[in-house]
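**Student:** Build me a structure from this.
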Amino acid sequence: MYDKVMTEAPLDIRRFETVQVVLMFLALISSFTINHQTLIDTLVIGIFIGLTLLVTRGRMNWARWMLLAIYLLGVVVEIWNFRAILAFGHPIIVVGSVLLRGAALILAFTPQSTEWLRTAPQQA
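**Tutor:** Numbering: from 1, shown residues only. This is a model prediction of the structure:
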């Protein structure tokens with residue numbers, strides 16, 4: 001069933017899923033090598049992957065909006081803590097991550113993606 005959903009999905013949705021999974025994999029690597037907050041980070045990454053799959057495989061529009069809300073909240077927190085990010089020594093990684101996550105979310109909100117999610121068959 002999931003294979004059929006993805007073959008019918010627009011290219012933007014397939015790209016969104018790919019970018020999200022790659023970014024979450026990189027976040028997991030970062031968690032193990034830089035942050036060392038593996039339990040919390042792994043849980044958060046699992047939630048992001050779950051929400052991503054709800055958008056791309058389950059065609060759940062609300063999950064897309066949830067990802068956007070979390071992203072915007074994260075951007076505000078990162079702006080608020082930017083001095084600490086500079087002191088930590090990885091500002092390029094943080095800024096790059098924010099930009100890539102934003103680009104991925106743009107793919108989830110293109111007209112083709114919106115139409116595909118809007119025309120999802122109703123769950124029984």
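**Student:** who's in contact with the residue most central in space within the chain?
**Tutor:** Centroid-nearest residue in the chain, with Cα atoms, centre = their mean: Q20, separated by 4.6 Å. Shown in contact with Q20 (Cβ atoms under 8 Å, 6 or more residues apart in numbering): F48, I49, T52, A104. To be clear about C-beta, it is placed using only N, CA and C from the backbone, and glycine gets the same treatment.
**Student:** which of these has the most neighbours?
**Tutor:** T52 (23 neighbours; other Cβ atoms under 10 Å).
**Student:** any idea of the pLDDT on that one?
**Tutor:** Per-residue confidence (pLDDT) for T52: 96.
**Student:** Surely it is in contact with L23?
**Tutor:** No - if you go by Cβ atoms under 8 Å, T52 and L23 don't touch, sitting 9.5 Å apart.
**Student:** Flag the helix or strand of the chain with the lowest per-element mean pLDDT.
**Tutor:** helix 2-8 (a mean of 59; mean pLDDT, DSSP states H and E).
**Student:** burial count for F16?
**Tutor:** Neighbour count for F16, taken as other Cβ under 10 Å: 26.
**Student:** Going by neighbour count, list what's buried in the host helix or strand of the residue nearest to the centre of the chain.
**Tutor:** Q20 is located in helix 11-30, with elements delineated by DSSP states H and E. The neighbour-count check on helix 11-30 (16 or more other Cβ atoms under 10 Å) flags D12, I13, R15, F16, E17, V19, Q20, V21, L23, M24, A27, L28 as buried.
**Student:** from those, which is closest to A69?
**Tutor:** Minimum distance to A69 across the buried residues of helix 11-30 is 15.4 Å, recorded for Q20 (Cβ to Cβ).
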